[in-house]
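In: Got a predicted structure here, sequence first:
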Amino acid sequence: MQAGNQILAKYGTQPTSRILTDDMTGRSDRVVVEWDVESVSQMNTELEKVMASPEGQQEMAQWMGKLATLIEYAEGENWMIR
């Protein structure tokens, strides 16, 4: 997940993030990534900055390919903090 954040930063976007692991309760292989953005559309805009570059596309594809080999189960949630 750190590598993904580095790719985002390299192409001009730096949402505040936290990477959390759960080694005490529940699934012991759980990793949670929080990206603090104003809205889901802002995150989409930030990702579009990366994908506007052929090099960014290639780096994201390589990272996502590697990440996919590590994931056996995934859930996605979007939370709004008020």
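Out: That came through fine. If you're wondering where the values come from, they're calculated on a predicted model, not measured in any experiment. Numbering: from 1, shown residues only.
In: contacting residues for W35?
Out: By Cβ atoms under 8 Å, 6 or more residues apart in numbering, W35 lies in contact with 15-17, 43. To be clear about C-beta, it is placed using only N, CA and C from the backbone, and glycine gets the same treatment.
In: tell me what the host helix or strand of A9 is packed against?
Out: Assessed by DSSP states H and E, A9 sits inside helix 2-10. Packed against helix 2-10, as judged by 3 or more Cβ pairs under 8 Å, 6 or more residues apart in numbering; DSSP states H and E, are the following elements: helix 40-51, helix 54-70.
In: One more pass at 10 Å, please.
Out: Judged by 3 or more Cβ pairs under 10 Å, 6 or more residues apart in numbering; DSSP states H and E, helix 2-10 is in contact with strand 16-22, strand 30-36, helix 40-51, helix 54-70.
In: next one: the last one to chain centre, how far?
Out: Spelled out, it's helix 54-70. Centre-to-centre, helix 54-70 and its host chain are 11 Å apart (Cα atoms, centre = their mean, to the nearest Å).
In: That one vs helix 40-51, what angle?
Out: Relative orientation of helix 54-70 and helix 40-51, computed by axes from the mean of the first three to the mean of the last three Cα atoms, to 10 degrees: 110 degrees.
In: For the closest residue to R18 other than its chain neighbours, give me its contacts.
Out: Closest residue to R18 apart from its sequence neighbours, by Cβ to Cβ, 6 or more residues apart in numbering: E34 at 4.6 Å. Contacts for E34 (Cβ atoms under 10 Å, 6 or more residues apart in numbering) come out as 15-20, 79.
In: residue contacts, N78?
Out: Contact analysis of N78 by Cβ under 10 Å, 6+ apart lists 37, 39-40, 43.
In: repeat that with 7 Å
Out: Applying Cβ atoms under 7 Å, 6 or more residues apart in numbering, we find N78 in contact with V40.
In: who does the residue lying closest to Q2 once chain neighbours are set aside bridge with?
Out: Distances taken as Cβ to Cβ, 6+ apart place I19 nearest to Q2, at 6.9 Å, with adjacent residues excluded. According to DSSP bridges, the residues that bridge with I19 are V33.
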